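> with the input below, show me the fold.
(one chain, ligands or ions: 2)
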Amino acid sequence: MWEGTMKLRLRGVLVVCGALSFCAICLTFSRLPIAHERRRPFLPNGHDVKRTFSVDSGEFAHIFTFRKRLNKSNYSSDNISPEMAKRAMEVKANDTNEDLKYQSDSFNNDNLNDTNLRNQRPNLVGSYVKNSQLNLTSELVDRMLNKLQTSNGLKFNFEKTRNVPYRNFLKLQSKRIRRRGMGLPIYENYNGGPVLANWERFHKGIHQFGLYDGDDPAVNGIMDDMANQQIVDIEQKEGGTQLKLIVTFSDEGQALFKPMRHPRDQETLPNHFYFVDFERHNAEIAAFHLDRILGFYRVPPTVGREVNLTHEIKRLAEPSLKKTFFISPANNVCFHGTCSYYCDTSHAVCGRPATLEASLATFLPPERIAPRKTWRNPWKRSYSKHRKAYWESFDDLCGRVQEKEPYTSGRRLLDLIDMHVFDFLTGNMDRHHYETFTDFGNETFLLHLDNGRAFGRSGHDEISILAPLYQCCMIRYSTFLKFVKLYLGPEPLSVLMRTSMARDPIQPILTESHIRALDRRVIRVLSTIHDCMQDNPYTDVIIDDFF
Ligand SMILES: Nc1ncnc2c1ncn2[C@@H]1O[C@H](COP(=O)(O)OP(=O)(O)OP(=O)(O)O)[C@@H](O)[C@H]1O
Ligand SMILES: [Mn+2]
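Ligands and ions are numbered 1, 2, ... in the order given. Coordinates of the predicted model:
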């Protein structure tokens, strides 16, 4: 009797449990598409995303990570790596120190807490050099500036802004020339849901004249997110010569991951050509800061992060990537992935013992919904140890380029010159191609992706990177004014860069000699412009721009 009652009770409990689990499963499944849908941008008719996703998951990963993640049996939200735990502790300890967060006011170093920021990293930067101690002047440049000021005091009133901090100068300038062009059509009607993640706001904010605006809070938000959010998926990025990963964060944002290959102070080996040089993760980060300081906004936001190769990478990797992991004789965790050149045991990246630094660059919207066009750089190098490129032997490339679309009119040639001036500052000789967003047509900015081979030789200024500048003898007016401002101060480029990069989680990003090289190169750019003005009227050299 008693046994019978118990059996009945047990059956009742089982029925109730079964019903409850069934409800829970139903509820989960009914919610999933909603959560998934929320992140899904509006897609034009006929775009079958699902099909594309199964063909090329890399392209569409951004939108479909939610689904992908559910398939990962090894994902559990409470599985926190030692790096994550350490970061959480640091953030908690520094909760009141606003400096640790990326602030919209990226150049404001008034209350920079240096000791706090540099915590346990090696002190590569050394002592700060006071602005007044930097005695970087050039008679040639001074003469050029004086001449310009006397011949056209209205346009070249350098004295007027001499004491204005660079940050305010940039704001004033962008107010004068700011034209907000069209956004990406795909995001026009995209509402996404009640709360947009920072990466969604960033994608929505991309416009015809830049990836973002200088005062866009989403940029600092993304940098915080990339530095701190939990990594929930890892995928190898197809294409390219070196190992790269696509990282997905808990808010479904994604980033391009480039691992640390060398210590910061290891310069390009003297017998290495630019095209065999390893990529440097810190160069990607520094290039982003430089681009933002120059007010170009053409490099996707990039941060550094320490990752645990076992917890944050291997655990989430596909079997094909997983099997490239091994333990080195020194007992460190290493992996090499699969790619066309440097992906074998002798080129593996290794942690210490499992911790490795990497750069994380915010992913651009998937190509399928915001297609990009890749353009060959007319001043591309030969990528051969035996041959020279045309422009290295002849001086008339500019005229020829200007005969061809899209260089015949509009902003393209000035953008290309900006890009080379930027690459000269970073020492990047590896600019074989550049990209634009197809939707914006030709009157749009150039994306400066792939800066991994920059900052290789701090003692050397590769003047040939300036070829488009000295062969065309042209520069955009606003870019010229920025360089003059960086030359005149009050803050030189080195100080602005040091301050900006000090907020990165893996700072110091550049060695002091690389930072100081920037001031020297600013003068080199200006003296190249000076030389151009010896042979050409300044009105032909400094080209007015309203973009
Ligand atoms: N932030 C980004 N978001 C989306 N796609 C990106 C991003 N950065 C780079 N890419 C794409 O990935 C490709 C490879 O990246 P990158 O050029 O940095 O790697 P790489 O290994 O140096 O390639 P390569 O050897 O061809 O120079 C780029 O051509 C670009 O199309
Ligand atoms: Mn590259």
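> where's Thr436, which helix or strand?
Element membership for Thr436 (DSSP states H and E) is strand 433-437.
> neighbours of Gln173, how many?
17 (other CB atoms under 10 Å). Any C-beta I mention is one placed from the backbone N, CA and C, and that applies to glycine too.
> cool, and Asn536?
Asn536 is flanked by 12 other residues according to other CB under 10 Å.
> surely it and Cys473 touch.
Yes. Asn536 lies in contact with Cys473 (CB atoms under 8 Å); the separation is 5.2 Å.
> surely Met144 forms part of a helix?
Yes. According to DSSP: H, G, I helix; E, B strand; the rest coil, Met144 belongs to a helix.
> who's in contact with the closest residue to ligand 1 within the stretch 351-500 of the chain?
Per CB to the nearest ligand atom, Asp450 is where the stretch 351-500 of the chain lies closest to ligand 1, at 3.2 Å. Shown in contact with Asp450 (CB atoms under 8 Å, 6 or more residues apart in numbering): Asp430.
> what helix or strand does it sit in?
For Asp450, there is no enclosing helix or strand under DSSP H and E.
> now it, what are its backbone angles?
The phi/psi pair for Asp450 (degrees, to the nearest 10) reads phi 60, psi 80.
> what parts of the stretch 401-547 of the chain come near ligand 1?
For the stretch 401-547 of the chain, the residues in contact with ligand 1 (CB under 6 Å from any ligand atom) are 449-450, 452.
> any chance of CSV for those residues, columns pLDDT and distance to Gly183?
CSV is the format used below for those (pLDDT from 0 to 100; distance: CB to CB, whole Å):
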residue, pLDDT, distance to Gly183
Leu449, 97, 20
Asp450, 95, 24
Gly452, 95, 29
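> counting contacts, what elements does the strand holding Thr436 pack onto?
Using 3 or more CB pairs under 8 Å, 6 or more residues apart in numbering; DSSP states H and E, the elements in contact with strand 433-437 are strand 372-376.
> tell me what angle the strand it packs on forms with strand 433-437.
With axes from the mean of the first three to the mean of the last three CA atoms, to 10 degrees defining the directions, strand 372-376 sits at 150 degrees from strand 433-437.
> buried set for strand 372-376?
Arg372 (16 or more other CB atoms under 10 Å).
> one more: stretch 227-241?
Applying a neighbour-count criterion of 16+ other CB under 10 Å, the buried positions in stretch 227-241 are 227-237.
> those residues of the stretch 151-300 of the chain touching ligand 1, which are they?
Counting by CB under 6 Å from any ligand atom, the stretch 151-300 of the chain comes close to ligand 1 at 239-242, 244, 256, 279, 300.
> so what's Phe202 up against?
211-212, 216, 218-219, 222, 301, 362.
> mind doing that once more with 10 Å?
Counting by CB atoms under 10 Å, 6 or more residues apart in numbering, Phe202 touches 196, 211-212, 216, 218-219, 221-222, 225, 253, 300-301, 362-365.
> between those, which sits nearest His530?
Leu211 (31.6 Å; CB to CB).
> residue contacts, Asp519?
With contact set as CB under 10 Å, 6+ apart, Asp519 has these partners: 129, 134, 136, 486-487, 492-495, 497.
> list phi and psi for it.
Torsion angles, degrees, to the nearest 10, at Asp519: phi -70, psi -40.
> what helix or strand does the residue in the stretch 201-350 of the chain that ligand 1 sits nearest to sit in?
Using CB to the nearest ligand atom, Gly240 is the residue of the stretch 201-350 of the chain that sits closest to ligand 1, at 2.8 Å. Taking DSSP H and E as the definition, Gly240 sits outside all helices and strands.
> for the nearest residue to it once chain neighbours are set aside, give me phi and psi.
In this structure, Gly240 finds its nearest non-sequential neighbour in Cys339, 6.6 Å apart by CB to CB, 6 or more residues apart in numbering. When quoted as degrees, to the nearest 10, the phi and psi of Cys339 stand at phi -160, psi -180.
> next, count neighbours for Cys339.
So Cys339, with other CB under 10 Å, has 18 neighbours.
> which pLDDT value belongs to it?
If you check Cys339, the pLDDT there is 81.
> what is the mean pLDDT for stretch 307-315?
Average pLDDT, stretch 307-315: 98.
> from one end of that stretch to the other, what's the distance?
12 Å (CA to CA, to the nearest Å).
> now that stretch, how far from the chain's geometric center?
22 Å (CA atoms, centre = their mean, to the nearest Å).
> if we can go back for a sec, what sits up against the strand holding Thr436?
Counting by CB under 10 Å, 6+ apart, 184, 206-208, 211, 298, 364-365, 367, 370-377, 380, 406, 412, 415-416, 419, 442-450 sit against strand 433-437.
> so which of the residues you listed belong to strands?
372-376 (DSSP state E).
> let's have the residues you listed in TSV, adding pLDDT and distance to Phe325.
Formatted as TSV, the ones in strands among the contacts of strand 433-437 follow (pLDDT from 0 to 100; distance: CB to CB, whole Å):
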residue	pLDDT	distance to Phe325
Arg372	98	32
Lys373	98	37
Thr374	98	32
Trp375	98	37
Arg376	98	37
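> my guess is Ser320 contacts Glu238. True?
No. Counting by CB atoms under 10 Å, Ser320 sits too far from Glu238 to count as a contact (11.6 Å).
> mutual contacts of those two, please.
Counting by CB under 10 Å, 6+ apart, the shared contacts of Ser320 and Glu238 are Thr338.
> quick one on the thing from earlier: what is the nearest of the buried residues of stretch 227-241 to Glu512?
Within the buried residues of stretch 227-241, proximity to Glu512 (CB to CB) peaks at Ala227, which comes in at 23.5 Å.
> list the buried residues of the strand or helix carrying the closest one.
According to DSSP H and E, Ala227 maps onto helix 217-228. By neighbour count on 16+ other CB under 10 Å, the buried set for helix 217-228 is 218-228.
> verify the stated contact: Thr438 with Lys373.
Yes. Between Thr438 and Lys373 there is a contact under CB under 10 Å: 5.0 Å.
> mutual contacts of these two, please.
Both Thr438 and Lys373 are contacted by Thr444, under the criterion CB under 10 Å, 6+ apart.
> thinking again about what came up before, okay if I get the residues of the stretch 151-300 of the chain next to ligand 1 as CSV plus pLDDT?
What follows is those, written out as CSV (pLDDT from 0 to 100):
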residue, pLDDT
Gly239, 73
Gly240, 72
Thr241, 76
Gln242, 83
Lys244, 93
Leu256, 98
Glu279, 89
Pro300, 98
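> what's the farthest-apart pair in those?
The largest distance within those, taken as CB to CB, falls between Thr241 and Pro300 and amounts to 19.8 Å.
> so how far is Ser320 from Ser328?
Distance of Ser328 to Ser320, computed by CB to CB, to the nearest Å: 20 Å.
> check Lys404 too.
If you measure Lys404 against Ser320 using CB to CB, the figure is 42 Å.
> quick one: low-confidence parts of the stretch 251-400 of the chain?
By pLDDT under 70, the stretch 251-400 of the chain has no low-scoring segment.
> so what's Phe288 up against?
Contacts of Phe288 were listed using CB under 10 Å, 6+ apart, and they are 219, 223, 298-303, 359, 361-362, 448, 451, 500-501, 504, 509.
> ok, Lys284 touching Gly452?
One correction, residue 284 is Glu, not Lys. Yes. Checked against CB under 10 Å, the pair Glu284 and Gly452 is within contact range at 5.6 Å.
> so what sits against both of those two?
258, 359, 361.
> now those residues in CSV, with secondary structure?
Shown next, in CSV, are the shared contacts of Glu284 and Gly452 (three-state DSSP):
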residue, secondary structure
Lys258, strand
Ser359, strand
Ala361, strand
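> out of the residues you listed, the closest to His272 would be?
Lys258 (18.2 Å).
> sorry, back to before: looking at the contacts of Phe288, which are in helices?
Among the contacts of Phe288, the members falling in helices (DSSP state H) are 219, 223, 500-501.
> what's the helix or strand for Phe202?
helix 198-205.
> please disregard the earlier target; I meant Phe326.
Going by DSSP H and E, Phe326 is in strand 325-327.
> got it, and Lys482?
Lys482 is part of helix 477-488, with elements assigned from DSSP H and E.
> nice, that's everything, thank you.
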